[in-house]
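Q: Everything below, folded, please.
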Amino acid sequence: MCRLHPTTISPPTLFHFELQLLNMVQLPEDEDSPQVNSTMEKQTLIKRASIALGAIVAIFLLFNWRPIWFLLAPTSDNVCPLYETLVPASFFEDNSTVLAILNDAQFRVSSARKLSNAVKVDTQIGDNQPGVDEAPEMWTQFKKFHKYLNTTFATVMNTAKVSYVNTYGVVIHWEGSDKSLKPVLLTAHQDTVPIQSDTLDKWTHPPLSGHYDGEYVWGRGASDCKNVLVAILESMEILIGRGFEPRRSVVVALGFDEEASGTHGAAHIGPYLEKEFGYDGFHVLIDEGPGLTKDIISGQMVAIAGTGEKGYMDVSIELTTPGGHSSVPPDHTSIGILSEVAFELEKHPYSPLLTSQNPMMGYLQCVARHGDLPRLKKKAMLRAGFDKYANKKVVQSMVKNPMSRYLIQTSQALDVIVGGEKANALPEHAKLVVNHRVSVETSLDTIMDNIESQVAKIAEKFNLGLTVQGESILPATEKGLFQVGYQSPPTKTAPVSPSNDTVWSEIAGVTRHVFEQLVYPNLTHPLVLVPGMMPANTDTRHYWNLTKNIYRYTPYYSENLVKDNRIHSVDERMSIDNHLQLTAFFYEYIQAVN
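A: So this is what the prediction gives:
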């Protein structure tokens, strides 16, 4: 990512320009004139040569040697400041507890057991489950999980006010003494993605065993995200046990269908919290997200907090055509025509775009400011926000890697295509579903307009009708009709949270304290908190009204979160070292913001 290669000009090329310059300014001799070595003529020649040389060099640098401009142009030292380490006062009085969280063998086993027991409770959910009231039997597994919560974290559940929203959503309110301080909101979800039955024999340990081998807890939900839930509640359990009394309230919200868009969980919890605490009633919201990792540009450790989240949009494209016997087919069936639509869509992907609206701009600038990078690359990344040439070079580098490409580009994936019932019957109906993860700069209307234009071309080609979102664009014909609409309610791109205010500095400061001072004391560079973009969606989509400071952040170190933890996959697992780092962070953070 961001491998920028400056254009270089060899000495012969420069010499060639000098020769051209001399030929340009050479004056012909006039046999009838006096000698050309007079003082006046020398001055004229020098003046003309200087002007010509200056013009050529200026034009050359402007249009052909832009990297030189990067090296000469200034950049601001105010970009991505390094925030001071934030240490809670209690640490200086007695730091034994946080050190025990990170290093004590007995605590390690105890914490692993808590996570293991959480994994053992089956909380799988599928897509499009009916509501709790419509099909209560489909949600009863969460009763068992609530029993686990009440047993494992009895101190928290008995000390704080516990409310249940839409039966299985859990809100825990640990009330602070100072009502003028906005509460902290920490969130996680109780549910997990399903375990595919045909993969059971591929798991190293049974997916609901919660097996602990001394290094990892194995099983579905171990890293997405029962680890976060356990770390939050365990840190609170320890604080209450030590007699800590918060000035600032701490609220914990636990959804129960995040993996199915939060329709029954967070979608109900959000309005409940807004009613209880008011619009913009929270100091901060921290939910699951990225954390500490090795930046692939600089090779240095960075801490990434998701300050933004891509939008989500599934579009269905349905085509209805006359049926009949396959022995006398038309030139193109509904499946063939719909395939042409699919081809056109993939032929016209969305363009990558890196602007100051995108958290990735802040990420790149932070890495450039604090990373050990070649000077030219550093300049390009720092100037990408206002220099078109620099921006172009950075974008060209980012699109080479799919992981970075889709942080600055709306993705479209043709995920479902169905049609036809029988081999000898013409398909009367075919359907294509296209998934989009929407970039900050792209609106939902832009995507729908693009799909409409691509489908309209095919509809006109085959003399078919077209409706989009119920509106007639082309009248239906005897040959058939396209119908385009949302497969499910879309989600707009999330508002981007600040990465330069007090709330951000608190997270950055505690991160530096825990990881620079306690976890990695031999780290050779400051640990910088950088903004990032979440390509996937979380329960935070239902919490936008609660605070402008929403951060998707799970602070522990992993070089490859998906590969290391195998999220949503066979052999999902959680490193207990990492789990303890997360617990230590919440333990110190809750105290620091008080």
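Q: which residues does the residue nearest to Ile576 when sequence neighbours are not counted contact?
A: Leaving out its chain neighbours, the residue that sits closest to Ile576 by C-beta to C-beta, 6 or more residues apart in numbering is Ala112, at 5.0 Å. (Glycine included, C-beta is placed from N, CA and C.) Neighbour list for Ala112: 212, 217, 576, 579 [criterion: C-beta atoms under 8 Å, 6 or more residues apart in numbering].
Q: likewise Asn117?
A: Taking C-beta under 8 Å, 6+ apart, we find Asn117 in contact with 148, 152, 210.
Q: Most neighbours among these, which one?
A: Gly210 (24 neighbours; other C-beta atoms under 10 Å).
Q: list the contacts for that residue?
A: Contacts of Gly210 by C-beta under 8 Å, 6+ apart are 115-120, 217-219, 222.
Q: Dihedrals phi and psi, the residue nearest to Asp539 when sequence neighbours are not counted?
A: For Asp539, ignoring the flanking residues on the chain, the nearest one in space by C-beta to C-beta, 6+ apart is Ala266 at 3.8 Å. Ala266 adopts backbone torsions of phi -60, psi -30, taken as degrees, to the nearest 10.
Q: Can you convert the contacts of Gly210 into CSV and add a column each for secondary structure and distance to Ile238?
A: Formatted as CSV, the contacts of Gly210 follow (DSSP: H, G, I helix; E, B strand; the rest coil; distance: C-beta to C-beta, whole Å):
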residue, secondary structure, distance to Ile238
Leu115, helix, 15
Ser116, helix, 18
Asn117, helix, 17
Ala118, helix, 17
Val119, helix, 21
Lys120, helix, 23
Val217, strand, 19
Trp218, strand, 25
Gly219, coil, 24
Ala222, coil, 21
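Q: looking at this, Phe91 is in a strand?
A: No: the assignment for Phe91 by DSSP: H, G, I helix; E, B strand; the rest coil gives helix, which leaves it out of any strand.
Q: In this structure it contacts Thr97, no?
A: No: if you go by C-beta atoms under 8 Å, Phe91 and Thr97 don't touch, sitting 9.4 Å apart.
Q: Tell me which residue is most central in the chain.
A: The centroid of the chain falls nearest to Met534 when counting by C-alpha atoms, centre = their mean (1.3 Å).
Q: My read is that it contacts Arg552, right?
A: Yes: in terms of C-beta under 8 Å, Met534 counts as a neighbour of Arg552; the distance is 5.1 Å.
Q: any shared contact partners between those two?
A: Contact criterion C-beta under 8 Å, 6+ apart; residues shared by Met534 and Arg552: 289-290, 306, 309.
Q: just curious, which of the residues you listed is nearest to Tyr556?
A: For the shared contacts of Met534 and Arg552, the closest approach to Tyr556 (C-beta to C-beta) belongs to Pro290, at 10.3 Å.
Q: The residue nearest to that closest one when sequence neighbours are not counted in helix, strand or coil?
A: Counting by C-beta to C-beta, 6+ apart, Pro290 lies nearest to Ile304, which is 4.2 Å off, once chain neighbours are set aside. What three-state DSSP gives for Ile304 is strand.
Q: need the contact list for Ile304.
A: Taking C-beta under 8 Å, 6+ apart, we find Ile304 in contact with 289-293, 363, 529-532, 553.
Q: tell me the helices in the stretch 451-594 of the chain, going along the chain?
A: 502-512, 561-565, 576-592 (DSSP state H, counting those that start in this stretch).
Q: Deepest-packed of the ones you listed, please.
A: Mean neighbour count (mean count of other C-beta atoms under 10 Å) peaks for helix 576-592 among the helices of the stretch 451-594 of the chain, with a mean of 24.
Q: now that one, how far from the chain's geometric center?
A: In terms of C-alpha atoms, centre = their mean, to the nearest Å, the centre of helix 576-592 is set 22 Å apart from its chain centre.
Q: going forward, begin numbering at 46 instead of 1
A: Done: numbering now begins at 46, and the last item shifts to helix 621-637.
Q: elements contacting it?
A: helix 134-138, helix 141-148, helix 150-165, strand 261-263, helix 271-286, helix 547-557 (3 or more C-beta pairs under 8 Å, 6 or more residues apart in numbering; DSSP states H and E).
Q: returning to that earlier point: of the contacts of Ala157, closest to Gly214?
A: His624 (24.1 Å).
Q: ok, now which ones touch that closest one?
A: By C-beta under 8 Å, 6+ apart, the residues touching His624 are 156-157, 160, 262, 272, 275-276, 601.
Q: As CSV, those with distance to Asn123 would be great.
A: Converted to CSV, the contacts of His624 look like this (distance: C-beta to C-beta, whole Å):
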residue, distance to Asn123
Ser156, 41
Ala157, 44
Leu160, 42
Val262, 43
Asn272, 37
Val275, 39
Ala276, 34
Tyr601, 30
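Q: just those residues now: which is nearest Val124?
A: The nearest member of the contacts of His624 to Val124, counting by C-beta to C-beta, is Tyr601 at 27.0 Å.
Q: So what's the residue count around the closest one?
A: 27.
Q: Sheet partners, orientation included, of the helix or strand containing Ala233?
A: Element membership of Ala233 [criterion: DSSP states H and E] is strand 229-234. Applying DSSP bridges to the sheet, strand 229-234 is found paired with strand 295-300 (parallel), strand 329-332 (parallel).
Q: Dump those strands into CSV; add distance to Val564 as well.
A: Output for these, formatted as CSV (distance: least, C-beta to C-beta, whole Å):
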stretch, distance to Val564
strand 295-300, 23
strand 329-332, 18
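Q: are any of the contacts of Ile349 buried, and which?
A: Buried subset of those (neighbour count, 16 or more other C-beta atoms under 10 Å): 334-338, 408, 574-577, 598.
Q: before we move on, the earlier item: now do the strand holding Ala233: everything it contacts.
A: Here strand 229-234 makes contact (C-beta under 8 Å, 6+ apart) with 270-271, 273-274, 277, 293-304, 307, 310-311, 318, 327-333, 584-585, 588, 591-592, 631, 635, 638.
Q: Between helix 271-286 and it, find me the angle.
A: Orientation check (axes from the mean of the first three to the mean of the last three C-alpha atoms, to 10 degrees): strand 229-234 against helix 271-286 gives 140 degrees.
Q: If anything else comes up later, I'll come back, but that's it for now.
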